[in-house]
Structures are given as structure tokens and as C-alpha cells.
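Peer 1: I'd like to go over a predicted model; first the sequence, then the structure.
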Amino acid sequence: MDFDLSPDHVLLRDTIRAFMTDEVAPVVDEHERARRFPVDIVRRIGELGWLGINVPERWGGAGMDTLSYAIAIEEIGRVWGSLGLIVAAHTSLGCGPLLIAATDEQRDRFLPPLASGRMLGAYGLTEPMAGSDAGGTRTTARHEPGPDGGTWVIDGQKRFITNAGQAGLYILTARTGANDDGSARISAFIVPADTPGFGVGRLEEKMGLHASATGELQLDGVRVPAANLLGEEGAGFKAFLKVLDGGRISIAALALGLAQAAFDASVPYAREREQFGRPIGSFQGVAFMIADMATEIEAARALVYRAAWLKDQGRDYGLAAAQAKLFASEVSSRVTNAAIQVHGGYGYVEEYKVERFLRDAKLTEIGEGTSQVQRLVIARRILGLRVV
């Protein structure tokens with residue numbers, strides 16, 4: 001059993017770390033204060049190949065593995081949570097459904113602009129009355145016969161959509177009828193942002209991740225050709241579950257990066273800040289917090305990397321992804337909160353970055369399924385029972 005990263009993974013980690021530290025870190029505060037989406041930086045990382053990191057080379061991607069992707073999100077999130085979320089949503093939720101369920105013709109058409117960064121992707125699942133309960137989807141799609149298989153007409157609303165207003169392509173779920181048992185038949189559709197009837201509503205004012213766009217999508221008679229149905233009709237729910245499994249790894253990696261950032265800020269502060277004539281790190285109250293932070297981060301990293309490794313091996317990774325996401329997100333909240341405590345009053349002011357890390361980390365306990373949903377997923381897999 002080898003716990004060392006391969007030379008290729010180390011090179012990727014060090015390259016992204018240097019880029020984020022040298023080129024991105026100086027502009028983070030400016031964008032966060034202005035709540036400004038980092039268009040130029042996103043374009044730049046697209047040019048570097050990091051928006052198609054796990055997309056096969058055939059479709060213009062870098063063709064790297066899931067562990068490479070997790071490392072990339074961790075390193076990006078370690079400097080800027082907003083950018084980490086933008087990349088994670090684009091890659092896992094924008095590109096992911098196409099990799100999972102699209103035909104080769106659909107991949108040939110839609111993946112190259114996404115993988116190259118010429119276009120951002122997004123995923124429209126959540127609605128005002130439906131989040132983890134995808135069966136509660138109220139957005140509808142009805143089929144109208146015609147040439148080339150006819151068209152689908154989509155009506156409804158989506159909410160809390162990452163990259164809303166910035167993405168050029170959206171993967172949307174909609175109800176296309178009912179199954180024999182009365183449950184909703186959920187299908188998925190590929191919707192370019194310039195499709196008539198498609199619009200972006202309000203953008204949310206969030207607790208954290210201020211430079212990431214989160215907003216509403218409005219669909220009023222949106223017509224897409226039959227060729228834009230992603231997978232078979234009614235197969236959208238199964239695809240959605242697979243998308244979330246992969247997305248949980250990326251959110252766990254983002255949580256890990258935020259926790260590492262808070263730890264990296266706390267260690268030198270505990271060494272240098274003095275009270276009562278000695279470094280505060282020499283007091284057990286602070287030293288033990290640092291010890292707990294370090295231990296939990298390493299445990300979270302092991303879970304995240306293992307989930308990515310299982311996916312790369314072609315093995316069942318659903319349980320591992322839920323465990324990694326649950327643990328890493330809660331570790332991130334604990335570690336970022338402890339970092340503020342280590343910094344004392346300075347941790348509560350914006351001059352020191354740890355307050356931002358705490359605000360950003362909270363999202364990781366909510367997105368891609370809350371901590372409570374992760375516990376349901378884990379318990380059901382282990383017990384084989386319908387835990388509710």
C-alpha cells in the first residue's frame with residue numbers, strides 16, 4: 001500500500017499551487033468585496049487545461065484521473081473557495097453528466113468548448129420546492145412531434161444554481177410524465193444559454209463564496225431538439241445520482257482545501273503571536289486545537305483521496321464519496337471555526353482571512369446534499385434498509 005502521490009500528481013499539485021499563490025491570491029480580496037465573478041481568471045485556467053482536467057483528450061480535455069481532479073480542487077480552494085466552487089460545478093455538474101450519459105455525438109458537440117474553457121457549464125436540478133427530493137421536480141418538459149424526432153418544450157424554474165448567468169450550457173432536469181407507480185419520470189436535457197425562453201433570474205446574496213454566481217433559472221417555453229435529450233427519457237434520476245456521487249468528491253476536496261488554508265494561517269500565528277511573554281502556541285488550549293486540526297485534516301484527505309482512487313479503479317465509490325463529503329465538510333467547518341478561535345479578535349476581522357474561510361466552508365455542508373442527506377446515503381448502504 002503506497003500513500004505517496006505519483007510524480008505526475010505531485011507536479012500537478014505544485015503547478016496549481018504556484019499559479020494560485022502567485023497569480024490568483026493577490027486579486028481574491030478585490031473580487032470577494034465586489035462580489036465579482038472572476039471571468040479573466042476562469043478563462044486563464046481554461047487555457048491551462050484545468051476546466052477539462054478529467055475529460056478525455058478525445059473531447060479536448062486533459063485526460064487526467066479523478067485523483068488529479070480532487071487535488072486540483074483542493075489546491076484551488078486552498079487559496080480561493082469561490083474559484084474552487086466555480087471549477088467544481090463546471091467540471092462535476094456541467095461536464096460530468098455528458099461524460100456519464102451523453103451519446104458520442106453529443107460529446108463531440110458539447111464537450112470540447114467546455115473542456116477548453118471557451119464555455120462554462122452548470123447543472124439545473126434544485127428548485128424552490130425540490131432539492132435532494134428530485135422526485136419533487138415541478139419543471140416539466142413535453143414532447144412535440146416533428147422532423148428529426150421533434151422538440152421538447154421546457155417550462156419551470158430552478159434555484160441555487162452555481163455558475164448561473166455565467167455558464168453557456170446547462171444540464172437541466174424536468175418531469176416528462178409519471179412512472180407506473182405514480183412517481184415522477186425525470187429526464188435530463190442539454191440547454192444552451194442562448195435558447196429562446198431561457199433566462200437567469202436573481203442572483204443570490206450569499207453568506208460566503210461571494211465571487212461565485214448562484215442564481216435562479218427561468219424557463220418559459222424553452223424549445224430544444226430531441227437530440228438534446230441526455231440519455232433515455234426517464235433516466236434522468238439515475239444519471240442525477242451518478243452525477244452527485246462524483247460531485248461529492250469535488251465538494252469534499254473543496255472543503256479540504258478550505259480547512260488546509262485555515263490551518264496554514266493558524267500555525268504561524270500560534271508560533272508568532274505572544275501573550276504573557278510567550279507564543280500562544282505554547283499554551284495547551286491553543287496547541288491542542290492545532291493538534292486536532294492537523295489530525296482531522298489528514299483523516300479527511302485520506303477519505304477524499306480514497307474515494308477518488310476507487311472511482312479511478314472503476315470500483316463502487318458511492319459510499320466512499322458520501323463518507324468523504326460528510327467528514328471533510330464537517331472537518332472544514334470545525335477547523336475554520338477553530339482557526340478564528342486561535343486568532344482571537346483578529347480572526348473576526350476581514351484583515352485576516354480566516355473569517356472568510358469559515359463563511360465559505362459552510363456551503364460544503366449543504367451543497368451536493370446536506371450532511372443529513374449524506375448520513376442517510378451512508379446508513380442505507382450499510383444497513384440495506386430504507387432509512388428515512
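Peer 2: Happy to help now that I have it. Small disclaimer: the values here were computed from a predicted structure and weren't measured. Numbers count the residues shown, from 1 in each chain.

Peer 1: Count the neighbours of Ser183 for me.
Peer 2: The tally of other residues near Ser183 (other C-beta atoms under 10 Å) stands at 10. Where C-beta positions appear, they are placed from N, C-alpha and C, glycine not excepted.

Peer 1: Check the gap between the residue most central in space within the chain and Gly150 for me.
Peer 2: Centroid-nearest residue in the chain, with C-alpha atoms, centre = their mean: Ala88, separated by 3.8 Å. According to C-beta to C-beta, to the nearest Å, Ala88 stands 35 Å off from Gly150.

Peer 1: what does Leu12 give?
Peer 2: Counting by C-beta to C-beta, the gap from Leu12 to Gly150 is 45 Å.

Peer 1: what do you get for Phe276?
Peer 2: 77 Å.

Peer 1: Give me the more crowded residue out of these two.
Peer 2: Gly150 (13 against 7).

Peer 1: Touching, that one and Glu144? I think so.
Peer 2: Yes: Gly150 is in contact with Glu144 according to C-beta atoms under 8 Å; the separation is 5.3 Å.

Peer 1: between these two, what contacts are shared?
Peer 2: With contacts taken as C-beta atoms under 8 Å, 6 or more residues apart in numbering, Gly150 and Glu144 have no neighbour in common.

Peer 1: thinking Ile53 is in contact with Thr91, fair?
Peer 2: Yes: between Ile53 and Thr91 there is a contact under C-beta under 8 Å: 6.7 Å.

Peer 1: hang on, the earlier thing: any idea how far the residue nearest to the centre of the chain lies from Ala361?
Peer 2: Applying C-beta to C-beta, the value for Ala88 to Ala361 is 14 Å.

Peer 1: The residue nearest to the centre of the chain looks like it's in a strand, true?
Peer 2: No: membership of Ala88 in a strand is not supported by DSSP: H, G, I helix; E, B strand; the rest coil, which gives helix.

Peer 1: Give the closest residue to it in space, chain neighbours not counted.
Peer 2: Spatially, and ignoring its direct neighbours in sequence, Ala88 is nearest to Ser250 (4.0 Å; C-beta to C-beta, 6 or more residues apart in numbering).

Peer 1: pretty sure that neighbour is in contact with Thr91, am I right?
Peer 2: Yes: using C-beta under 8 Å, Ser250 is in contact with Thr91, at 6.8 Å.

Peer 1: what is in contact with these two at once?
Peer 2: Tyr69.

Peer 1: Measure how buried Glu298 is and give me the count.
Peer 2: Applying other C-beta under 10 Å, I find that Glu298 has 10 neighbouring residues.

Peer 1: for the helix or strand containing it, which positions count as buried?
Peer 2: Glu298 is part of helix 284-312, with elements assigned from DSSP states H and E. Judged by neighbour count using 16 or more other C-beta atoms under 10 Å, the buried positions of helix 284-312 are 286, 289-290, 293, 296-297, 300-301, 303-312.

Peer 1: The next helix or strand after it - contacts with which helices or strands?
Peer 2: Per DSSP H and E, the first helix or strand lying C-terminal to helix 284-312 is helix 318-343. Packed against helix 318-343 by the contact rule (3 or more C-beta pairs under 8 Å, 6 or more residues apart in numbering; DSSP states H and E) you find helix 236-272, helix 284-312, helix 354-362, helix 371-383.

Peer 1: Quick one: the ones you listed as JSON lines, columns for mean pLDDT and distance to Ala70 too.
Peer 2: Rendered in JSON lines, the data for those read as follows (pLDDT from 0 to 100; distance: least, C-beta to C-beta, whole Å):
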{"stretch": "helix 236-272", "mean pLDDT": "94", "distance to Ala70": "4"}
{"stretch": "helix 284-312", "mean pLDDT": "98", "distance to Ala70": "4"}
{"stretch": "helix 354-362", "mean pLDDT": "98", "distance to Ala70": "17"}
{"stretch": "helix 371-383", "mean pLDDT": "96", "distance to Ala70": "17"}
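
Peer 1: Could you export these as TSV, including distance to Phe160?
Peer 2: Listed next are the helices and strands packed on helix 318-343 as TSV, based on distance: least, C-beta to C-beta, whole Å:
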stretch	distance to Phe160
helix 236-272	14
helix 284-312	24
helix 354-362	14
helix 371-383	15
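
Peer 1: quick one: Glu351 is in a helix?
Peer 2: No: assessed with three-state DSSP, Glu351 is coil; it does not lie in a helix.

Peer 1: one step back: and the residue nearest to the centre of the chain, what does it touch?
Peer 2: Ala88 neighbours (C-beta under 8 Å, 6+ apart): 73, 247, 250-251, 253-254.

Peer 1: what helix or strand does the closest residue in space to Glu75 that isn't next to it in sequence sit in?
Peer 2: Excluding the flanking residues, the one nearest Glu75 by C-beta to C-beta, 6+ apart is Ile16, at 4.2 Å. Ile16 belongs to helix 7-19 when elements are defined using DSSP H and E.

Peer 1: Pull the next helix or strand after that helix out as CSV, backbone CA atoms only.
Peer 2: Using DSSP H and E, the helix or strand that follows helix 7-19 in sequence is helix 25-34. Below are the C-alpha coordinates for helix 25-34, written out as CSV (Å, rounded to 0.1, in the frame of the first residue of the first chain):
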residue,chain,number,x,y,z
ALA,A,25,-4.1,35.2,-4.4
PRO,A,26,-3.4,38.9,-5.0
VAL,A,27,-6.8,39.6,-6.6
VAL,A,28,-9.0,37.4,-4.3
ASP,A,29,-10.0,40.1,-1.8
GLU,A,30,-10.8,42.6,-4.6
HIS,A,31,-13.2,40.2,-6.3
GLU,A,32,-14.8,39.0,-3.0
ARG,A,33,-15.5,42.5,-1.8
ALA,A,34,-17.0,43.4,-5.2
